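*Asks:* how does the following fold in three dimensions:
(one chain, ligands or ions: 1)
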Amino acid sequence: MTEFEVPIVDASLFLDGDSLKRQIFANQLRDSLIQHGFVRVINHGISDDMIEEIFDWSKRFFHLPVDIKSEILHFADGSNPQRGWSSVGSESTAKLFHALKPGTSDKDIKPDIKVTNQSRICMISLYKTNRFQIKEHFDMSGTVDSKYPNKWLAESSISGFRSFMEDFYERCNSVSMLLLEAMEISLNLPAGSFTAKCQQKAHELRLNHYPAVKQERISPEINRVWPHTDLGAITCLFQDTVGGLEIEDRTHRGTFRPIPPGPRGEMIVNISETMQRWSNGMIPAGVHQVTLPPSLENKSVNGNIPNIPERYSIPYFVKADYNASVGPLPQFQQSSAPSAYPDMTGLEFHRRRLAQAY
Ligand SMILES: [Fe+2]
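*Replies:* Residues are numbered from 1 along each chain as shown. You can find the predicted model right below:
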């Protein structure tokens, strides 16, 4: 089997380079995103220190007592954008992904998972809707969002958390605009084709915490995150050193390959459903999951199988404005390829899809 590697692209070419270097970066970004749905970005402008610090804040937040975190519990009515704290098991990406597969009825759905020891290939052909995820998370959006305001704990509970998170959000916003601009250039689209639809800061910054778990608890019913695609235009992700993130290999559908943790500052970017819609399916969203890290699989220490350590990750979901169209752009529609997706606003799309995840 050939080595599977998601390319690394250097954003300093785009930030500091001349027009030729900017074009090189844009093309590399586009090629990897079209081929894999994913790309790894370095030198994007957010310092390693800041990334280290947000992981520290995340640990502090999730290690607060449950009754404190419950003060900002996300009210899961099924469709509102997530704000505040969501407890372990509240979200189901399996349902989210299953909902994209029309014609599959619940009675047809059975787990079908095989994990091979040598190659760490996880084959999943059918998706079960009632799977449980061992994950809690915190969500926030742009500070201008009065329709769905953020939920913050009192400063006395976690002093400095809010100001750091708001600052980090803005930095992620700058990187995401850079990436969307590069996509416009590489696809020969008019300036603003993507970026002008992402100005209202409907993006969401999330802190994920996967508690430590016994290996034997990972089963066809329970996992860290089931296979799914994200809802926004793109997702920018930072992960810690534990591992477990896997993406679908597009040359072997249904086969998942690990994305091992890279250098501290590495940002993993994936195409999400809104970009798939804008491009009329030309740039498909990347399917991914989080499961047992390959380094721990079947490893025993003194005859005991070690627990899977807790894991932290930090995604930034870049989303269309609530009132922006998420239908295919005219440049991706031809008589031979008419619109494959009904037009609707970003908020409508978000609410429809989110209603399927709870
Ligand atoms: Fe995801």
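*Asks:* quick one: the helices in the chain, in order.
*Replies:* For the chain, helices defined by DSSP state H occupy the ranges 12-16, 19-36, 48-62, 66-69, 93-98, 161-186, 273-278, 346-354.
*Asks:* mean confidence score for the first one?
*Replies:* Think helix 12-16. Taken as a whole, helix 12-16 has a mean pLDDT of 96.
*Asks:* pull out the buried residues from stretch 316-334.
*Replies:* Residues of stretch 316-334 classed as buried under the neighbour-count rule (16 or more other C-beta atoms under 10 Å) are 316-322, 324-329, 332. Where C-beta positions appear, they are placed from N, C-alpha and C, glycine not excepted.
*Asks:* number of nearby residues for the closest residue in space to residue 23 that isn't next to it in sequence?
*Replies:* Spatially, and ignoring its direct neighbours in sequence, residue 23 is nearest to residue 185 (6.6 Å; C-beta to C-beta, 6 or more residues apart in numbering). Residue 185 sits with 19 neighbouring residues when counted by other C-beta atoms under 10 Å.
*Asks:* try residue 265
*Replies:* A total of 18 residues lie near residue 265 under the criterion other C-beta under 10 Å.
*Asks:* wait, isn't it in contact with residue 45?
*Replies:* No - using C-beta atoms under 8 Å, residue 265 is not in contact with residue 45, being 9.7 Å away.
*Asks:* circling back: residues in contact with the residue nearest to residue 23?
*Replies:* 22, 23, 26 (C-beta atoms under 8 Å, 6 or more residues apart in numbering).
*Asks:* any stretches of the chain with poor pLDDT?
*Replies:* 1-3, 76-79, 89-133, 216-223, 296-302, 356-358 (pLDDT under 70).
*Asks:* any idea how far the residue positioned nearest the centre of it lies from residue 167?
*Replies:* Centroid-nearest residue in the chain: residue 235, 4.8 Å away (criterion: C-alpha atoms, centre = their mean). Distance, residue 235 to residue 167, by C-beta to C-beta, to the nearest Å: 20 Å.
*Asks:* what does residue 66 give?
*Replies:* 27 Å.
*Asks:* and what of residue 333?
*Replies:* The spacing between residue 333 and residue 167, counted by C-beta to C-beta, is 40 Å.
*Asks:* what do you get for residue 135?
*Replies:* Residue 135 is 25 Å from residue 167, by C-beta to C-beta.
*Asks:* before we move on, the earlier item: partner residues bridging the residue nearest to the centre of the chain?
*Replies:* Beta-bridge partners recorded for residue 235 (DSSP bridges): residue 270, residue 317.
*Asks:* just residue 204 next, same as before
*Replies:* With DSSP bridges as the criterion, residue 204 is bridged to residue 317.
*Asks:* verify the stated contact: it with residue 319.
*Replies:* Yes - Residue 204 is within contact range of residue 319, at 6.7 Å (criterion: C-beta under 8 Å).
*Asks:* joint contacts of these two?
*Replies:* Counting by C-beta under 8 Å, 6+ apart, the shared contacts of residue 204 and residue 319 are residue 232.
*Asks:* which residues are in contact with the closest residue to residue 189 other than its chain neighbours?
*Replies:* Of all residues not flanking residue 189 in the chain, residue 331 sits nearest, at 5.9 Å (C-beta to C-beta, 6+ apart). Residues near residue 331 by C-beta under 8 Å, 6+ apart: 187, 189, 193.
*Asks:* which of those residues are buried? Put it as a PyMOL command.
*Replies:* In PyMOL syntax, the buried subset of these is picked out as below (16+ other C-beta under 10 Å):
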select buried, resi 187+189+193
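*Asks:* for residue 227, state which of the contacts of residue 331 is nearest.
*Replies:* Set against residue 227, the nearest of the contacts of residue 331 by C-beta to C-beta is residue 187 (27.0 Å).
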